[in-house]
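**Student:** After the sequence you'll find the predicted model.
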Amino acid sequence: TTSLRVMLAISAFMDLEIQQADVEGAYLNGSLDVDIYMRYPECVVPTEGCDALKLNKALYGLKQAGRLWWQELGSKLGAMGFSKLHSGWGLYIRDDRSGQPFMILLVYVDDFVIAAKTERDIQLFLAEVQGYWKLSAVGETSSVLGMKVARDRPRRKIYLGQPAYIDRIAKQFPTASNPKYRCSTPLPDGYALVQDHSPCDKTAFQGLVGCFQWLASCTRPDLSYTASFLARHLNDPKNHHLQLALRTVAYLRRTQGLTLTVGGSDDLILRGYVDADWGGCLETRRSTTGYVFQLNGAAVVWSSKRQQTVACSTVEAEYIAISEAAREAIWLRSLLQEVGITQSEPPMVHCDNKGAIRLALNPGTHHRTKHIDIKHHFIRELIDDNVVSLDYIQSKRQLADVLTKGLPKPRHVQNTEELGLKEFEVEGEYRLE
């Protein structure tokens, strides 16, 4: 989904046409590279003297069917002038230097999302593809991977939301409509460790957390910390954890109209924000890393993850978080460069801890930091090579705050809006339902 958000951010900025198509029976198009035989299907009368059938093409159910289709796809697209991105194997690019119209293609198994300068370019591409495979052309992109897509072209904005998915969750767990779960945030501010040993419905809890993780990875960065926190208890959840999950469902019902707004900015500069909550996990006393990167005015990449080791200070926790965010910045910069979007300056990563920034900018051995794992010092080399730059930002302007802990309502609402999540209120042809 990250590649999709990056593609949509670029498309909104360049005002590209966006359409989608579907390859029918995609796995049946793979060419076998080994001899494979199968038993006769029940409805086929065996030929005398022939005990098995030799496959000429791949079938659904073969363990190598997916790989064969991927090879077939790459081969045909390469013949059409497309290049596979090394930074994102689901993305293909065809630039003007190939002598053919510029186009970005996102492939998810058998689904195509196509972005080009004109609708005619897309139609010519689809006509060429139909020479290889049978297509179901859907037309203008309205839904991808269960995400509803709406567009406001005059303002060059694209809206991503999952209202139908949230509605299904709410119907599956009607208990969450109980007034006691009414809330303005997914998790309470200042969560305290509760000694609760009463069991709960493990299957229901795991299903809910899986739903939260999918929402958090697609369109709802405000749920990232909640999904990460609850996932820590998947193996042995207690009733208290289930109650927190139902509270989150109630929050989703209340904020069902929130959509991720992509676009509206006047540049394609990559900006990052990173934060850490020192010792926030009360069970292990590990810290939580949260980072988010924005492109064209919207969050395209975000993460909330508990650190692997215990940090001895806030500086150490923030320093580890900066190192993790920097690796993501390298990948994003590489992805954009392959698409043809060159960053004139190294990506700026904003941190609200001056001590961690000084530690990264001024390498040196100190008795308080010499125990830090060598992999986290990678950030120093990136700064020296001008690959990533760091900048201080006040905590009240830190966008990644909501990715590290539960916040009070005013701060949570502010952070959510800053991440690009807003109620969808565009009228007419852009209405998201």
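**Tutor:** Right, received. Where do you want to start? Bear in mind that the values here come from a model prediction, so they are computed numbers and not experimental data.

**Student:** ranges for the strands of the stretch 201-350 of the chain?
**Tutor:** Applying DSSP state E, counting those that start in this stretch to the stretch 201-350 of the chain gives strands spanning 258-263, 271-277, 288-295, 298-306, 348-351.

**Student:** Could you export these to CSV, including columns for mean pLDDT?
**Tutor:** Below are the strands of the stretch 201-350 of the chain laid out as CSV (pLDDT from 0 to 100):
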stretch, mean pLDDT
strand 258-263, 91
strand 271-277, 95
strand 288-295, 95
strand 298-306, 94
strand 348-351, 95
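
**Student:** Export the ones you listed to JSON lines and append columns for distance to Tyr40.
**Tutor:** Just so you know, the C-beta spots here come from the backbone N, C-alpha and C atoms, and that holds for glycine as well. Converted to JSON lines, these look like this (distance: least, Cβ to Cβ, whole Å):
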{"stretch": "strand 258-263", "distance to Tyr40": "51"}
{"stretch": "strand 271-277", "distance to Tyr40": "58"}
{"stretch": "strand 288-295", "distance to Tyr40": "54"}
{"stretch": "strand 298-306", "distance to Tyr40": "50"}
{"stretch": "strand 348-351", "distance to Tyr40": "61"}
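
**Student:** how about JSON lines for those strands, with mean neighbour count and distance to Ile357 added?
**Tutor:** As requested, those are exported to JSON lines (neighbours: other Cβ atoms under 10 Å; distance: least, Cβ to Cβ, whole Å):
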{"stretch": "strand 258-263", "mean neighbour count": "25", "distance to Ile357": "29"}
{"stretch": "strand 271-277", "mean neighbour count": "27", "distance to Ile357": "11"}
{"stretch": "strand 288-295", "mean neighbour count": "26", "distance to Ile357": "15"}
{"stretch": "strand 298-306", "mean neighbour count": "22", "distance to Ile357": "20"}
{"stretch": "strand 348-351", "mean neighbour count": "24", "distance to Ile357": "6"}
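
**Student:** Which one of those lies nearest to Val6?
**Tutor:** Val6 sits nearest to strand 298-306 of all these, at 5.2 Å, using Cβ to Cβ.

**Student:** for that closest one, packing partners?
**Tutor:** Where contact means 3 or more Cβ pairs under 8 Å, 6 or more residues apart in numbering; DSSP states H and E, strand 298-306 is packed against helix 2-14, helix 224-231, strand 258-263, strand 288-295, helix 314-339.

**Student:** Give the helix, strand or coil label for Arg97.
**Tutor:** Assigned state for Arg97: helix (three-state reduction, DSSP: H, G, I helix; E, B strand; the rest coil).

**Student:** measure it to Ala400 for me?
**Tutor:** Here the criterion is Cβ to Cβ, to the nearest Å. By it, Arg97 lies 38 Å from Ala400.

**Student:** More neighbours: which of these two?
**Tutor:** For Arg97 versus Ala400, the count of surrounding residues by other Cβ atoms under 10 Å is larger for Ala400: 31 against 9.

**Student:** Check the gap between the spatially closest residue to the more buried one that is not a sequence neighbour and Thr289 for me.
**Tutor:** For Ala400, ignoring the flanking residues on the chain, the nearest one in space by Cβ to Cβ, 6 or more residues apart in numbering is Asp275 at 4.0 Å. Computed as Cβ to Cβ, the Asp275 to Thr289 distance reads 8 Å.

**Student:** list residues touching both of those two?
**Tutor:** Applying Cβ atoms under 8 Å, 6 or more residues apart in numbering, one finds that Asp275 and Thr289 are jointly contacted by Ala321, Thr404.

**Student:** quick one: low-confidence ranges for this structure?
**Tutor:** In the predicted model of the chain, residues 98, 176, 192-193, 363-371, 373-374, 424-433 satisfy pLDDT under 70.

**Student:** Okay, helices next: where are they in it?
**Tutor:** For the chain, helices defined by DSSP state H occupy the ranges 2-14, 65-79, 119-129, 163-172, 202-218, 224-231, 239-254, 314-339, 354-361, 378-384, 409-418.

**Student:** Which other helices and strands does the fourth one contact?
**Tutor:** Taking 3+ Cβ pairs under 8 Å, 6+ apart as the contact definition, the neighbouring helices and strands of helix 163-172 are helix 202-218, helix 239-254.

**Student:** Name the residues of that helix that come out as buried.
**Tutor:** Under the neighbour-count criterion of 16 or more other Cβ atoms under 10 Å, helix 163-172 has Pro163, Tyr165, Ile166, Ile169, Ala170 buried.

**Student:** rewinding a little: in TSV, list the helices of the chain along with distance to Gln307.
**Tutor:** Putting those into TSV (distance: least, Cβ to Cβ, whole Å) gives the following:
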stretch	distance to Gln307
helix 2-14	21
helix 65-79	34
helix 119-129	45
helix 163-172	29
helix 202-218	18
helix 224-231	11
helix 239-254	21
helix 314-339	6
helix 354-361	13
helix 378-384	15
helix 409-418	21
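
**Student:** out of those helices, nearest to Glu283?
**Tutor:** Shortest distance between Glu283 and these, using Cβ to Cβ, is found for helix 224-231: 10.6 Å.

**Student:** next one: the closest one to chain centre, how far?
**Tutor:** Taking Cα atoms, centre = their mean, to the nearest Å, one finds helix 224-231 lying 15 Å from the centre of the chain it belongs to.

**Student:** what's the angle from it to helix 239-254?
**Tutor:** With axes from the mean of the first three to the mean of the last three Cα atoms, to 10 degrees defining the directions, helix 224-231 sits at 150 degrees from helix 239-254.

**Student:** Counting by contacts, list what helix 224-231 packs against.
**Tutor:** Here helix 224-231 is seen to pack against helix 202-218, helix 239-254, strand 288-295, strand 298-306 when contacts are counted using 3+ Cβ pairs under 8 Å, 6+ apart.

**Student:** To Arg380, which of the ones you listed lies closest?
**Tutor:** Closest among those, once you apply Cβ to Cβ, is strand 288-295, at 18.0 Å.

**Student:** so what does that closest one touch, helix or strand wise?
**Tutor:** Checked by 3+ Cβ pairs under 8 Å, 6+ apart, strand 288-295 has helix 2-14, helix 224-231, strand 271-277, strand 298-306, helix 314-339 packed alongside it.

**Student:** if we go to 7 Å?
**Tutor:** strand 271-277, strand 298-306, helix 314-339 (3 or more Cβ pairs under 7 Å, 6 or more residues apart in numbering; DSSP states H and E).

**Student:** Adding distance to Phe102, write these out as TSV.
**Tutor:** Formatted as TSV, the entries for those read as follows, by distance: least, Cβ to Cβ, whole Å:
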stretch	distance to Phe102
strand 271-277	25
strand 298-306	20
helix 314-339	10
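
**Student:** follow-up on the earlier one: any idea which of the buried residues of helix 163-172 is closest to Lys76?
**Tutor:** Of all the buried residues of helix 163-172, the one with the least separation from Lys76 (Cβ to Cβ) is Tyr165, at 32.9 Å.
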